[in-house]
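Q: I'll drop the sequence and a predicted model, then ask my questions.
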Amino acid sequence: MAPHWTAYVPVDDADATAVRALQLGATQPRPPFDVLDYGRVATLRDPVGAIVSLWQPGSRGAEVTGAPGALCAAELAAPDPERAAAFYRELFGWSDGIREQRDAEPAGAPNWTPYFGVGSVERATREAEAAAGRRLGPGVVADPLGAIFGLVEAG
């Protein structure tokens, strides 16, 4: 599998949400487990093949939100966006953030692209390039391993 970022979705109960995801067609590569006292994680492969993790916060959760550099969105590229959308709508009540995987995208399983809010997309892209990242397009960067992420101006 090509390098990629993993989406972690905060949930109240990782075990119960994982059971529901399995009922909706997901598979589970390994059972949920505790990460020290930070929280509990359950990793799933959704019905279209994308990896997504459930995060039940313990002593740690999403500590930075709404600030430059913080995650502000995530988008799933899937070969069957309607099937993926039905799964995520039923599991989390989501209505967007899923699109069709393009032929020009790197080969491999469907995956999530995180988007980080920044003060300036151009400045952040230059900083990523200086740190061994690669500019792929306006606001789209590959990290040094080739995993893709997006940048959006957040005020």
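A: Yep, it's here.

Q: what bridges to the closest residue to residue 18 other than its chain neighbours?
A: In space, and not counting its chain neighbours, residue 18 is closest to residue 42: 4.0 Å by Cβ to Cβ, 6 or more residues apart in numbering. Heads up, the C-betas are built off the backbone N, CA and C, glycines and all. Assessed by DSSP bridges, residue 42 has beta-bridge partners residue 54.

Q: what does residue 75 give?
A: In beta-bridge terms (that is, DSSP bridges), residue 75 pairs with residue 113.

Q: what sits against it?
A: Applying Cβ atoms under 8 Å, 6 or more residues apart in numbering, we find residue 75 in contact with 97, 98, 99, 112, 113, 115, 150.

Q: hmm, the residue nearest to residue 18 is touching residue 16, no?
A: No: using Cβ atoms under 8 Å, residue 42 is not in contact with residue 16, being 9.7 Å away.

Q: neighbour-wise, which of those two wins?
A: Under the neighbour definition other Cβ atoms under 10 Å, residue 42 and residue 16 were set side by side, and residue 42 has more, 27 against 14.

Q: next, residue 129: secondary structure please.
A: helix (DSSP: H, G, I helix; E, B strand; the rest coil).

Q: again with residue 89
A: helix.

Q: from residue 121, how far out is it?
A: 30 Å (Cβ to Cβ, to the nearest Å).

Q: and those two? Which one has more around it.
A: Neighbour count, other Cβ under 10 Å: between residue 89 and residue 121, residue 121 has more, with 19 against 14.

Q: got phi/psi on the more buried one?
A: phi -60, psi -40 (degrees, to the nearest 10).

Q: which pLDDT value goes with it?
A: What the model reports for residue 121 is a pLDDT of 96.

Q: the one 3 residues further on too?
A: Listed pLDDT for residue 124 reads 96.

Q: the nearest residue to it once chain neighbours are set aside: what's it in contact with?
A: Once flanking residues are discounted, residue 124 sits nearest to residue 118: 4.0 Å by Cβ to Cβ, 6+ apart. By Cβ under 8 Å, 6+ apart, the contact set of residue 118 is 68, 69, 124, 151, 152, 153, 154.
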